[in-house]
Each structure stands twice: as structure tokens, then as C-alpha cells.
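[1] based on what follows, work out the 3D shape:
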Amino acid sequence: MDAPTMTLSPSAAARVAAIAAKQGKPAILRLSVEGGGCSGFQYKFGLADAPESDDLAVETDGVTLVVDPVSLDLVAGSVVDYVESLGGAAFRVENPMAASGCGCGSSFAV
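    From the prediction side, this is the model:
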């Protein structure tokens, strides 16, 4: 079996780089999954100071996306994108493993 992969879109990478520069932090975006949300699991984003030793790390345009092994089981193969729409701008996870989602796009079920 191939190693699980994640993708950080160029628009998401550019947004992370801008936020990190403003906060004076490294351009490392951590995606984690927590129980809760309207569909059972919810995505959580935050800047990380450094990857952990067991993280999956994927780089796009000099920005690193890191995911811990437990969360990776639920989001493997996903694309993290940054979308601007009338409803606002947000990071969005296009998760092929999610059986269902919610209207706000921030939680999912498997």
C-alpha cells in the first residue's frame, strides 16, 4: 500500500505564508481532526512551530502542511484548499474518505 498523502493547494500555501509572515512564525500549517462538530468530526487548523517526529509533512511553495498519525487516518488523500466566496474565506478540506459532511464544511463523518 502506498504511503498516505495529503495535498496543500497553492492558494492555501499562499494564505498560510501570509498569515505566518504577519505573526512572525514558520510557514507550517497543522491540520488535526477532533471529535465534535455537526457531523461527528471537525477539522482544526493552526500554525505549528515545527513538525513532530511522527507527522506526515507535505510541502507546497515553501509552506509545510503537517498532520499527526491519528488525524491522518481520517484525512488521508485529502486536499487542503483556501476558498474565498460570498460566505467568507476559509481553509477547506476536500476529503475523499468523508462519507458525509455538513453545510459549513468544517465537520464530517466517515
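
[2] the residue positioned nearest the centre of the chain: helix or strand, and which one exactly?
    With distances taken as Cα atoms, centre = their mean, the chain has residue 31 as the residue nearest its mean C-alpha position (4.0 Å). Taking DSSP states H and E as the criterion, the element that holds residue 31 is strand 28-35.

[3] and if you look at residue 21?
    Secondary structure here is read from DSSP H and E; on that basis residue 21 sits in helix 10-23.

[4] so which residues make contact with that helix?
    8, 26-29, 47, 60-63, 65, 80-83, 91 (Cβ atoms under 8 Å, 6 or more residues apart in numbering). In short, each C-beta sits where N, CA and C put it, glycine included.

[5] try it again with 10 Å
    By Cβ atoms under 10 Å, 6 or more residues apart in numbering, the list of residues contacting helix 10-23 from outside reads 8-9, 25-29, 45, 47-48, 59-65, 79-84, 89-93.

[6] buried ones only from the residues you listed, please, as a ChimeraX command.
    Only the buried members of the contacts of helix 10-23 end up in this ChimeraX selection, burial being decided by 16 or more other Cβ atoms under 10 Å:
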select :8,9,27,28,29,45,48,60,63,64,65,79,80,81,82,83,91,92,93
